[in-house]
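Asks: Output the structure for:
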Amino acid sequence: MSDLKTVKTVILDASDSEILSTKLAAVNNDVRFSILEILRDFEKGNKLEDGTFKKEPLYSREINTILLNNYNINITTQMLGQHLKQLSEAELIEETVVKKEVPNKIGRRSVKGFILKEDAFEDLFLDISFLSDELLTFFDLYKTNQRFHDGEHCVLTIFNGEDKGKTFKVHKDEVVLIGRKANFNAHELASFTILLDNSYSTVSNVSKPHLKLFYKNDGWYIIDENSSNGTYIADRKVSQGVPTKLKANSFLKLSKGNGGAVIYCSF
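Replies: So this is what the prediction gives:
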């Protein structure tokens, strides 16, 4: 491919992110990010015998204490409430009512508690247990992509696995096939193929490319070339063999679960 380039990822500020703006705006703050980590770590600390984790809510006084002691963040109860409200509105945490022993009060009282939502980052294909690294990587890759927008290219960034951070520019005049290397050597393939590492084991290989990307008339399209494990936009499976128009700033998932590839597509 004449205009296919691999670029080095650089860390940039992502405060003006427009993708999934509600969630990202909520996360892109030191206090709210710390609250998410506190809720994640508290849940991980309540492991049951069957290997699952007990979701026991924390209430605001407990969160405030951990913010002060572990993160050196000292804020008022009112300000904490505003941060918790924004995280709730972004559907990253959920509120519940718990019985707690409250200081200076007699007996157990009903107070608001907070836990992480199980699907908090599902639309980003993120595992909450890798919160810090993965979200910071997302900001990084998003801003890298924006540098290459010129109205003539689609920018693809591989977001996970062995090829994580590789970024490609695809021109409107080009048709690109995306698949796993399998047993092929680079010199045996046309230059318009984007090769994924063999560790993406559930992605169809290049003898039967997983995906085709091209521009036509009014936008960018993909075709799942009857792949073995499907292609997803966010959490929606696309029809195989049928052109599907992309929206700007889309996450493509080539196969779900272990061995799949997540590709961020922007233009």
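Asks: For the stretch 1-150 of the chain, which segments are assigned as helices?
Replies: Taking DSSP state H, counting those that start in this stretch as the test, the helices found in the stretch 1-150 of the chain are 21-27, 30-44, 60-71, 77-89, 131-146.
Asks: Could you confirm residue 227 falls within a helix?
Replies: No - checked against DSSP: H, G, I helix; E, B strand; the rest coil, residue 227 lies outside a helix; its state is coil.
Asks: residue contacts, it?
Replies: 203, 204, 208, 210, 211, 240, 254, 255 (C-beta atoms under 8 Å, 6 or more residues apart in numbering). Glycine gets a C-beta too; all of them are placed from N, C-alpha and C.
Asks: The fourth one reaches residue 204, doesn't it?
Replies: Yes - Residue 210 is in contact with residue 204 according to C-beta atoms under 8 Å; the separation is 4.0 Å.
Asks: out of the two, which sits in the more crowded spot?
Replies: residue 210 (29 against 25; other C-beta atoms under 10 Å).
Asks: Lowest average pLDDT across the helices of the stretch 1-150 of the chain?
Replies: Ranked by mean pLDDT, these bottom out at helix 131-146, which scores a mean of 62.
Asks: so what are the domain limits for this structure?
Replies: 21-123, 148-266 (automatic domain parsing).
Asks: Comparing those domains, which stretch has the densest surroundings?
Replies: For those, ranked by mean neighbour count under the definition mean count of other C-beta atoms under 10 Å, the leader is domain 148-266 at a mean of 17.
Asks: So for that domain, first residue to last residue, what's the gap.
Replies: 9 Å (C-alpha to C-alpha, to the nearest Å).
Asks: For that domain, what is the distance to the chain centroid?
Replies: Counting by C-alpha atoms, centre = their mean, to the nearest Å, domain 148-266 is centred 17 Å from the centre of its parent chain.
Asks: beta partners for residue 251?
Replies: residue 264 (DSSP bridges).
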